[in-house]
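Asker: Need a 3D model of the following:
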Amino acid sequence: MSKAAAGSKVVIYGGGMAGAILAKELCSVAEVTLVDPNDYFEVPMAAPRSLVHPSFAEKAIVPFRQALPGVRHLRGKLTELTKSGGLVTLSSGQRINVSGDVSVLATGSSFSNSLMRASDATAGERKGFYSRYSQRIAEAERILIVGGGPIGIEVAGEISESYPNKQITILEAGPRVLAGTTVAASQFAVSVLSQRGVTILTGEKLVDSESTPRDVFSNAGVATTSSGRKIAYDLIVWCVGGKPNTDYMRPNFASLLNEKGQIKVTQNLRVVGKADLFALGDITDLDENKMAWHIAAQVKNSAFNIRQVLSGKSSEKSLKKHKAQTGNPMMAVTLGSQMGVVHLPVVGLIKCPALTRAAKAGHMLVPKYRKILGV
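Answerer: Presented below is the predicted three-dimensional model:
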């Protein structure tokens, strides 16, 4: 592979899993600018545990200045992508144009509240949020978790492990929890949580409550489901999925979005029709589960391809193709710190507590990503 041209500039929008690790990969060969409204990287898999045990966030949250000392960080949000670069609104309110030889969109998902990802926060503010939320959980006797995906199940696992006497209900609109993995993995998670006294309701939607997804610290109230069921709660934990954070594409590049708001990309992870613009992670139209498992391959392939483009080798045959993990049910879901369930291709279902602790439950992958970032 040829070396990147001297003085090459790369702009990465988004400092989550894909953006931060890619910035680390590229800062030795180019001048990298990372645009993100927060001033820190957070291991996203750790959030369910940090909500219950705020001290866990001490290692899961790493300021960008520590994690990426060779990267220029602009604390701001990409508000509009233009032909000449990205319009960024800084945390100060100032709007500036940012451009590079190659740009990367890794803006992730937008969520209804700050449970899974804060916006425009410092590391200290995020840790303070976890402290306040853990106290709210401690005070609540009846907890309603809306959403039976990986996050909802993991939050239920953390709370039920630490507070076995709380009345916990999971409400899932689909026919089963953990729809993105196998039926066997779903059934095992249900059996463990049910043994802990967690009530799991599937095939029912929340149609009315006295709080909204934006009310992260909700007051007590009564929720009504699509079947007419009434559920009294002291706290609602909204674990509903996010949507692609791609509104910045709509003014000038709406045609490059699919009906879900995802960005259309080629097999080499370039935005369709754009030789110097790449996209990674949740925002792409790749037909694969939007799971952290799949980010590593995207980062590896895009890093290679970006180096090729910077060195003048931008033809399709010079670039690596990313093979989307279509239909891959690979998933690791924790059920507290002592156990979980893992589904691996070929191997199948793993539910041995010792193995699932080693895979994820014991550490939520925090040591792995601290090592990748060199901290």
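Asker: Low-confidence ranges, the stretch 1-150 of the chain, go.
Answerer: Applying pLDDT under 70 to the stretch 1-150 of the chain flags the ranges 1-6.
Asker: So which residues of it form strands?
Answerer: Applying DSSP state E, counting those that start in this stretch to the stretch 1-150 of the chain gives strands spanning 9-13, 31-36, 40-42, 61-63, 72-82, 85-90, 95-98, 102-105, 109-110, 142-146.
Asker: Which other helices and strands does the first one contact?
Answerer: Other helices and strands packing on strand 9-13, by 3 or more Cβ pairs under 8 Å, 6 or more residues apart in numbering; DSSP states H and E, are helix 17-26, strand 31-36, strand 85-90, strand 102-105. (C-beta placed from N, C-alpha, C; glycine too.)
Asker: on that earlier part again, which one of the strands of the stretch 1-150 of the chain lies closest to M330?
Answerer: strand 109-110 (19.5 Å; Cβ to Cβ).
Asker: isn't I96 right next to E80, touching?
Answerer: No - I96 is not in contact with E80 according to Cβ atoms under 8 Å; the separation is 11.8 Å.
Asker: right, and the helices and strands packed on strand 9-13 - which one's nearest S50?
Answerer: Comparing the helices and strands packed on strand 9-13 by Cβ to Cβ, helix 17-26 comes nearest, at 15.9 Å.
Asker: Tell me what angle that closest one forms with strand 72-82.
Answerer: Helix 17-26 runs at 120 degrees relative to strand 72-82, counting by axes from the mean of the first three to the mean of the last three Cα atoms, to 10 degrees.
Asker: what is the orientation angle of helix 17-26 with strand 9-13?
Answerer: 160 degrees.
Asker: need the helices and strands packed on strand 9-13 in JSON lines with mean neighbour count and distance to F64, can you?
Answerer: Below are these laid out as JSON lines (neighbours: other Cβ atoms under 10 Å; distance: least, Cβ to Cβ, whole Å):
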{"stretch": "helix 17-26", "mean neighbour count": "25", "distance to F64": "8"}
{"stretch": "strand 31-36", "mean neighbour count": "24", "distance to F64": "7"}
{"stretch": "strand 85-90", "mean neighbour count": "18", "distance to F64": "15"}
{"stretch": "strand 102-105", "mean neighbour count": "27", "distance to F64": "16"}
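Asker: Including distance to G197, could those go into JSON lines?
Answerer: Below are those laid out as JSON lines (distance: least, Cβ to Cβ, whole Å):
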{"stretch": "helix 17-26", "distance to G197": "34"}
{"stretch": "strand 31-36", "distance to G197": "40"}
{"stretch": "strand 85-90", "distance to G197": "46"}
{"stretch": "strand 102-105", "distance to G197": "44"}
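Asker: Could you work out which of the ones you listed reaches nearest to A296?
Answerer: When the helices and strands packed on strand 9-13 are ranked by proximity to A296 (Cβ to Cβ), helix 17-26 comes first, at 7.9 Å.
Asker: can you list the weak-confidence ranges in the stretch 201-350 of the chain?
Answerer: Looking at the stretch 201-350 of the chain by pLDDT under 70, you get 289-293, 325-329.
Asker: how about the helices in it?
Answerer: 250-253, 295-310 (DSSP state H, counting those that start in this stretch).
Asker: Apart from its neighbours in sequence, what residue is nearest the most centrally placed residue in the chain?
Answerer: Geometric centre of the chain, nearest residue: P44, 5.6 Å, by Cα atoms, centre = their mean. The spatial neighbour of P44 that comes closest, neighbours along the chain excluded (Cβ to Cβ, 6 or more residues apart in numbering), is M17 at 6.4 Å.
Asker: who touches the one you found in this structure?
Answerer: P44, G108, G281, A292, I295, Y369 (Cβ atoms under 8 Å, 6 or more residues apart in numbering).
Asker: now swap in S99 and tell me
Answerer: K9, V11, S84, G85, G86.
Asker: now, among the residues you listed, which is nearest to K260?
Answerer: G86 (21.9 Å).
Asker: Just list whatever residues bridge to that closest one.
Answerer: Counting by DSSP bridges, G86 forms beta bridges with L81, V98.
Asker: From T33, how far out is it?
Answerer: For G86, the distance to T33 equals 10 Å [Cβ to Cβ, to the nearest Å].
Asker: list residues touching both of these two?
Answerer: V11, V98.
Asker: For burial, what's the neighbour tally of L373?
Answerer: 18 (other Cβ atoms under 10 Å).
Asker: How about it, nearest residue that isn't a chain neighbour?
Answerer: A67 (4.4 Å).
Asker: circling back to that earlier point, and I96 and E80? which has more neighbours close in?
Answerer: E80 (18 against 13).
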